[in-house]
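Undergrad: any chance you could fold what I've pasted below:
(2 chains)
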Amino acid sequence: MTDKYTQFVSRGIGKDVAKKLGLPQPVVLRRYQPGQALVPGPILVQGSSDGADELAAALLAWDLDVRRHAVPREKLGAIVLVLDELDHAEDLERPVLSAAASLRDLAPNARVVTVSRTPASAPGPASAAARQGIDGLLRSLAKELRAGATANGIMLADGVNTTSPSALGALRFFLSGRSAFVDGQFLTVASGEGQLPADPEKPLAGKVAVVTGAARGIGAAIARTLHRDGATVVVVDIPAAGDHLAAVANSVRGTALQLDISREDAGHRIIEHAVGRHGRLDIVIHNAGITRDKLLANMDQGRWNSVLAVNIAAQLRINDALLASRDFRDSPRIVSVASTSGIAGNRGQTNYAASKGGVIGMVRATAPLLAERHGSINAVAPGFIETEMTARIPFATREVARRLNSLQQGGQPGDVAEAIAFLASDAAGGITGEVLRVCGQNLVGA
Amino acid sequence: MSFTGQSATGPEESSTAAAATPGGGLLRQAVVVGGNRIPFARTGGAYTKSSNQDMLTAALDGLIARFGLADERIGEVAAGAVLKHSRDFNLTREAVLGSALSAETPAYDLQQACATGLETVLGLANKIKLGQIDSGIAGGVDSASDAPIAVSEGLREVLLDLNRAKTLPQRLKVLGRLRPKDLAPDAPNTGEPRTGLSMGEHQALTTAQWKITREAQDQLAYTSHRNLAAAYDAGFFDDLLTPYRGLNRDSNLRADTTLEKLATLKPVFGRNLGAEATMTAGNSTPLTDGASTVLLASEEWADAHELPKLATVVDGEAAAVDFVHGKDGLLMAPAFAVPRLLARNGLTLDDIDFFEIHEAFAGTVLSTLAAWEDEEFGRTRLGLDGALGSVDRSKLNVNGSSLAAGHPFAATGGRIVASLAKMLHERGHVDGRPARGLISICAAGGQGVVAILEAF
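TA: Prediction:
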């Protein structure tokens, strides 16, 4: 549910009042529904490279309304800015200012997506400056856009073309309602791995996925989203949460596994259940996590250890079992839930932030280990998400926390789930070792 | 009782080979896939506001989630309750409709007092063996908290006559028959209708007859609590139980109880027998609320659904005793059912690896064991050459039983079958044959139902 303030200022008198008083004006975001149009209007593809032409052709092949030149005062669903052949920061001017002329024509909940190359592999300082410049440009633009519109970027490693499976997969994700709460973020496509789905509405058809911590909140939303996208889902949570877990399992026509993931044999039990009951295991979502907040000066061993044990040690141990298993070799996917606390820090959460920072380190280091089996591992870092947990934050603190981002509202558990479902799909095969923030471009956490 | 009709078929053959049915078809195996129950709660506790239908639905939904049965059409669901409201005439079917199962799953209610749960397992297993159904869910539920309260016989007759009366004068005349005492409600009780004695008082007679000591009863209760607590700590119930209304473990379980504590409890039954009273609240089961379910299937159905096969339901037997005239104790029917069942399957007590003897009272279990060890009972009552034999105590109720878990009457059978099936599966083979377990459940009305399960 969108929060009450957002509902109030989204229409009618509330909208007028908020505008006159200069109050935040969040809008109801365009969130993905099966059957929904990819974008709320034509897509303007800007850029003069071969990569831009090929990308425009690929979008046309999806039966989308594609423009190579802006038509004044025509409402646009998206602007795709292809900047894959920049040699110098001066090369930014023409395409960027040309796109700028169309910004006022963006429809509510429209998208701006840049497609460029990774600065790390730039042939020289000038080209690196141009590539890195896009990072600052995009993040600033995201803060300027209004009415639910977002700006995100795709960075291609050298040798990866604009129409590689994961470049198109990421583009589709950013254009769609699936990325509603992702703003000001980049995804790097490292390779030509991956495959676009036969049916874009069922990108996970035939896959068997395990979701930990699935009894409620974000975990339950992940289970529902993976099921909607076609996966058979095994939901895992501690035995004490078994009743909620059963309800989730039955709602997604999956199976429930009551298991404490910090048990020594948890990885083995997960593999055994998935393979025994469903014949295979393709996707593991490490979502289970706990908080035991305390200022570091007051921290005790119990709070520190329990958070580290569940949030990172358990994931490491389960991953060891997965990497050793013969049943997790066919383009497997692992997605971990990190947190913006693990990136920007959060007062009272040294233990939690250490564990979530640990998740990010683990994801980056595990990516090469999965490469030879065409697998991938990524993390998603949620910002302020409206859950039972955040509903317990005192009103004023909560109200400030949820407005401090470019979309001026909290995200939904489903927003995190959408990002995870994308990273778990075949289309994301060329994306690995990445941390994608789902935070509405929170002001903290860079 | 005749023991001459022993089956010529040995146990190994009877459990693995298909035999011809009277109709000429082949008997199939009925396997236990697994089970699910909610934690048992002492009456007046966590489930005070839960109806039988609520609890049975919750137990079903947990089973459905464990085995991925949402929207599945199960061959048949059979369950029952001992304390049942008249409005719950279709209790099991209503629970199915409220669950995640396909609404096209048929269901029926069954009632055989405390043997209800085990009898649903045997009935559905037989249907599977005969090929009438491929899958079944057996179960049971009871709430002593949400027990039905009836109106008095006097008020009931007046109300029925009032309904039949056609004119105002007739109605007034009928109402005139009403007396103040008719307005008192008729609460349920666990007394035997033919003797007026409660079950505990009946067992006190038997306990005294078999000279079972207080110490022996307390020791059995202590062991039950200790075994159940250890099973929980080992995670044994992680795939047998789904929490309900904030309860993760059976609320009757006292993991920290000691023999000393049990010894301090005052006797509650048998205080007027002259002999020393030995039965306390500690060595008797309390009134309990709860529900249990067991998923049964043919091998083919389990394989097609990629589900585990823990154990096979080999055979079952019911017995009853004439407790009314004092020939045997109220809860002694299993003492007769077990020898008959063993004989039919060519087995002795030594061929059993796990004994699951329902602990209605510690005295019940110990009286039954004493009877089997008694030469005279064996000769005169069982028609054997001597005593039936002894039960190795290390094989008895190894993961706890009703004294610790509690005993929601109709739910106990499902609890035992699911737990035993898991134990048998974990044990696998013993001396080159499948591990074998015996279940014995006593019931009101002088009845008892017993069964044999084998590891698949």
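
Undergrad: tell me the helix or strand right after the lowest-mean-pLDDT helix or strand in chain B.
TA: For chain B, scoring each helix and strand by mean pLDDT, DSSP states H and E identifies helix B:11-16 as the least confident one, at a mean of 41. Sequence order places strand B:31-37 as the next helix or strand after helix B:11-16, per DSSP states H and E.

Undergrad: check which element follows that next one along the chain.
TA: Along the chain past strand B:31-37, the next helix or strand (assigned with DSSP H and E) turns out to be strand B:41-42.

Undergrad: what pairs with that next one, parallel or antiparallel?
TA: Note on strand B:41-42: by DSSP bridges, its sheet partners are strand B:288-297 (antiparallel).

Undergrad: anything in the following helix or strand past the partner strand near chain A?
TA: Per DSSP H and E, the first helix or strand lying C-terminal to strand B:288-297 is helix B:299-304. No. Figure legend: helix B:299-304 not in contact with chain A (Cβ under 8 Å from any Cβ of the partner chain); closest approach 11.4 Å. Backbone N, C-alpha and C define where each C-beta goes, glycine included.

Undergrad: buried ones in helix B:299-304?
TA: B:Glu299, B:Trp301, B:Ala302 (16 or more other Cβ atoms under 10 Å in any protein chain shown).

Undergrad: just those residues now: which is nearest chain A?
TA: Within those, the smallest distance to chain A is 11.4 Å, found for B:Ala302 (Cβ to the nearest Cβ).

Undergrad: what's the average pLDDT for stretch B:342-353?
TA: Stretch B:342-353 shows an average pLDDT of 96 in the prediction.

Undergrad: between the two ends of that stretch, how far is it?
TA: End-to-end distance of stretch B:342-353: 13 Å, with Cα to Cα, to the nearest Å as the criterion.

Undergrad: okay, and the residue in chain B sticking out farthest from the centre sits in which element?
TA: Summary for chain B: using Cα atoms, centre = their mean, the residue whose C-alpha lies farthest from the chain's mean C-alpha position is B:Pro169, with a distance of 51.6 Å. When elements are defined using DSSP H and E, B:Pro169 is found to belong to helix B:168-175.

Undergrad: helices or strands next to that helix in the packing?
TA: helix B:153-164 (3 or more Cβ pairs under 8 Å, 6 or more residues apart in numbering or on different chains; DSSP states H and E).

Undergrad: and the helix it packs on, which residues are buried?
TA: For helix B:153-164, the buried set under the neighbour-count rule, 16+ other Cβ under 10 Å, comprises B:Gly154, B:Leu155, B:Val158, B:Leu162.

Undergrad: looking at the residues you listed, which is nearest A:Glu399?
TA: A:Glu399 lies nearest to B:Leu155 out of the buried residues of helix B:153-164, by Cβ to Cβ, at 59.6 Å.

Undergrad: isn't the closest one up against B:Leu178?
TA: Yes. In this structure, B:Leu155 is within contact of B:Leu178 by Cβ atoms under 8 Å, at 7.0 Å.

Undergrad: hmm, back to that, can you lay out the buried residues of helix B:153-164 as TSV showing pLDDT and distance to B:Ala360?
TA: Supplementary listing: the buried residues of helix B:153-164 in TSV, determined by pLDDT from 0 to 100; distance: Cβ to Cβ, whole Å:
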residue	pLDDT	distance to B:Ala360
B:Gly154	81	34
B:Leu155	81	34
B:Val158	82	38
B:Leu162	83	42
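
Undergrad: ok, those residues vs chain A, which is closest?
TA: Of all those, the one with the least separation from chain A (Cβ to the nearest Cβ) is B:Leu155, at 40.1 Å.

Undergrad: state the distance from the closest residue to the closest one other than its chain neighbours to chain A.
TA: In space, and not counting its chain neighbours, B:Leu155 is closest to B:Asp182: 4.4 Å by Cβ to Cβ, 6 or more residues apart in numbering or on different chains. Counting by Cβ to the nearest Cβ, to the nearest Å, the gap from B:Asp182 to chain A is 43 Å.

Undergrad: residue of the stretch 301-450 of chain B closest to chain A, please.
TA: Taking Cβ to the nearest Cβ as the measure, the stretch 301-450 of chain B has B:Glu306 as its residue closest to chain A, at 5.3 Å.

Undergrad: that residue belongs to a strand?
TA: No. With DSSP: H, G, I helix; E, B strand; the rest coil as the criterion, B:Glu306 is coil rather than part of a strand.
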